[in-house]
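Below are the sequence and a predicted model for it; my questions follow.
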Amino acid sequence: MGLNKLPSIFNKISITIESQQLAVHNLIEKIILSKQYSVNILQYILYKISLYIILDCQTDHYNEMDEGHSLKLARVINELCDKIKDLSRLVKGQFYKFCPLCIPKIPESGLHGTDFLLDMGFKLEVFYETVFYMI
């Protein structure tokens, strides 16, 4: 099914609209092909696409300061999630997994400092008499 070619699809995305549309087209082709096999394979492909989206953001060559670099990936993600609704749930899950601070949680009102962090899910850890708050 060409799972090993998924990263190369993301590597070929450029700032041009044509390359972004080509990436979306190639990814949708893989999704349609996987749908023919079984629902489990479809879910696996969607999972792998959502994972590669996050991994692409973490590569050494990713430049978050260059608007064009993040914008091209955002356009591909937006169009994919617009066409395949199940993918948006998986992409959010990957973001939450790799960056727990983006998990939306409304803390109780009136909490400040340590109580606020503990309510948000941070755990208090003490190393060599220094207090750290960790997820």
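Looks like it arrived, so ask away. Residues are numbered from 1 along each chain as shown.

show me the contacts for residue 108.
If a contact means C-beta atoms under 8 Å, 6 or more residues apart in numbering, then residue 108 has residue 119 as its contacts. To be clear about C-beta, it is placed using only N, CA and C from the backbone, and glycine gets the same treatment.

quick one: it from residue 46, how far?
Remark: distance between residue 108 and residue 46 (C-beta to C-beta, to the nearest Å) = 35 Å.

Wasn't residue 41 part of a helix?
Yes - residue assignment for residue 41, taken from DSSP: H, G, I helix; E, B strand; the rest coil, places it within a helix.

what pLDDT does residue 64 get?
Residue 64 is assigned a pLDDT of 59 by the prediction.

Could you do residue 83 as well?
At residue 83, the model reports a pLDDT of 90.

Now for it, how many residues are close by?
If you count neighbours by other C-beta atoms under 10 Å, residue 83 ends up with 12.

quick one: it and residue 25 touch, right?
No - assessed by C-beta atoms under 8 Å, residue 83 is found out of contact with residue 25, at 10.4 Å.

domain parsing for this structure?
In terms of domains, the chain is parsed into 3-99, 105-135 (source: automatic domain parsing).

Confidence-wise, which of the ones you listed is weakest overall?
Lowest mean pLDDT of these: domain 105-135, a mean of 70.

where do the helices sit along this protein?
Ranges of helices in the chain, per DSSP state H, are 6-11, 17-37, 39-57, 67-83, 85-98, 113-119.
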